[in-house]
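Asks: sequence and predicted structure, then a few things I'm wondering about:
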Amino acid sequence: MKGVIVGAGQVGLACAYAMMIQNVLDEMVLVDINHDKLIGEVMDLEQGMSFVEPTLIKAGTMADAAGADVVVITAGAAQKEGETRLELVQKNVEILKKLIPDIVAHCPEAILLLVSNPVDVLTYAAWKLSGLPKSRVFGSGTVLDTGRFRYLLSRHLGIDPRSLHAYIIGEHGDSEVPFWSQANVCGTPLYYDGMADGDRQAMDEIFQQTKNAAYEIIRRKGYTNYAVGLAVTQIVHSIVRDQNRVLTVSCVVDEIFGVQDLCLSVPAVVGRTGVSRWLNMLLSPQEEKLLQHSAQTLRGVIDQIEF
């Protein structure tokens, strides 16, 4: 399996490193405008190859990526301290305008996985610019938020995060929605109307920590990279191994609660053909209201994009 990572910044390199040590791809091509630095990064990765299963790694261009099965797009302007993901929109759309035609020309059969922020809006833009089927263009969405959510819940409960079923849906950003009504451990609900005020407050605080995690990390170190690299690797693994995992990726939805033609995160089945379907969610009335608000927020930003 051949994959391409477009953008060798902190996030792109974290993705490359995680995919290399987990042996996700047979061949990996890294593409970046700073080619000299890119060669150095690839050399550094290659020199660890004797410690892992073999992956052919190249520093190249989209021409070298021809025939790729999956293209991961991490290129774009980085989110700055105090800046929301949605404020990044137009400058990163302009970058996509240059990238997408080249990607489609050389990798017409590939799945496009957007990671650059704001990921929901850029996924929609990439889909429109590419002309590819909506099943083959999707974003990392709230896979990372869901991972953060499960980790914080697991720390509170004292269990392995892999034993939790809990999801964040909607925008990867300020209007994201905790899917509390279906969150459970072995069928036991985590959050319900009759819980004690102290327990409810603890759960609400965990969601706030989840939502604000990126802002806190960016304030402290300037960027996020490790966790998103692992999240993207999980998505790519599901694609290339045709695992059909249910992941909260950002995909094109025709309509959700009256809001039409946008991308947001819902639990979706991800495999070799991309997103084969997304699941109908049993939401509480409050969750429906919050998800509709998230969709309206994203639709409002999409309407302002200059294609």
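Replies: Noted; the coordinates are in hand.
Asks: could you export the helix or strand harbouring Leu13 as PDB, CA atoms only?
Replies: Assigned by DSSP states H and E, Leu13 belongs to helix 10-21. The C-alpha trace of helix 10-21 is given here as PDB (Å, rounded to 0.1, in the frame of the first residue of the first chain):
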ATOM      1  CA  GLN A  10       5.100  19.100  13.000                       C
ATOM      2  CA  VAL A  11       1.800  17.300  12.200                       C
ATOM      3  CA  GLY A  12       2.900  15.700   8.900                       C
ATOM      4  CA  LEU A  13       6.100  14.400  10.500                       C
ATOM      5  CA  ALA A  14       4.200  13.000  13.500                       C
ATOM      6  CA  CYS A  15       1.900  11.200  11.100                       C
ATOM      7  CA  ALA A  16       4.900   9.800   9.100                       C
ATOM      8  CA  TYR A  17       6.700   8.600  12.300                       C
ATOM      9  CA  ALA A  18       3.600   6.900  13.700                       C
ATOM     10  CA  MET A  19       2.900   5.200  10.400                       C
ATOM     11  CA  MET A  20       6.500   4.100  10.100                       C
ATOM     12  CA  ILE A  21       6.800   2.500  13.500                       C
END
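Asks: go through it and flag the buried ones.
Replies: Buried residues in helix 10-21, counting neighbours by 16 or more other Cβ atoms under 10 Å, are found at Gln10, Val11, Gly12, Leu13, Ala14, Cys15, Ala16, Tyr17, Ala18, Met19, Met20. The C-beta positions use only the backbone N, C-alpha and C, and glycine is treated the same way.
Asks: now render those residues as JSON lines, adding distance to Pro161.
Replies: Compiled in JSON lines, those are given as follows (distance: Cβ to Cβ, whole Å):
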{"residue": "Gln10", "distance to Pro161": "24"}
{"residue": "Val11", "distance to Pro161": "22"}
{"residue": "Gly12", "distance to Pro161": "25"}
{"residue": "Leu13", "distance to Pro161": "25"}
{"residue": "Ala14", "distance to Pro161": "19"}
{"residue": "Cys15", "distance to Pro161": "21"}
{"residue": "Ala16", "distance to Pro161": "24"}
{"residue": "Tyr17", "distance to Pro161": "21"}
{"residue": "Ala18", "distance to Pro161": "17"}
{"residue": "Met19", "distance to Pro161": "21"}
{"residue": "Met20", "distance to Pro161": "24"}
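Asks: return the member of the residues you listed nearest to Ser238.
Replies: Met19 (12.6 Å; Cβ to Cβ).
Asks: rewinding a little: could you dump the buried residues of helix 10-21 into JSON lines with pLDDT and distance to Glu87 added?
Replies: Output for the buried residues of helix 10-21, formatted as JSON lines (pLDDT from 0 to 100; distance: Cβ to Cβ, whole Å):
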{"residue": "Gln10", "pLDDT": "96", "distance to Glu87": "19"}
{"residue": "Val11", "pLDDT": "96", "distance to Glu87": "18"}
{"residue": "Gly12", "pLDDT": "97", "distance to Glu87": "21"}
{"residue": "Leu13", "pLDDT": "98", "distance to Glu87": "24"}
{"residue": "Ala14", "pLDDT": "98", "distance to Glu87": "23"}
{"residue": "Cys15", "pLDDT": "98", "distance to Glu87": "24"}
{"residue": "Ala16", "pLDDT": "98", "distance to Glu87": "27"}
{"residue": "Tyr17", "pLDDT": "98", "distance to Glu87": "29"}
{"residue": "Ala18", "pLDDT": "98", "distance to Glu87": "28"}
{"residue": "Met19", "pLDDT": "98", "distance to Glu87": "30"}
{"residue": "Met20", "pLDDT": "97", "distance to Glu87": "33"}
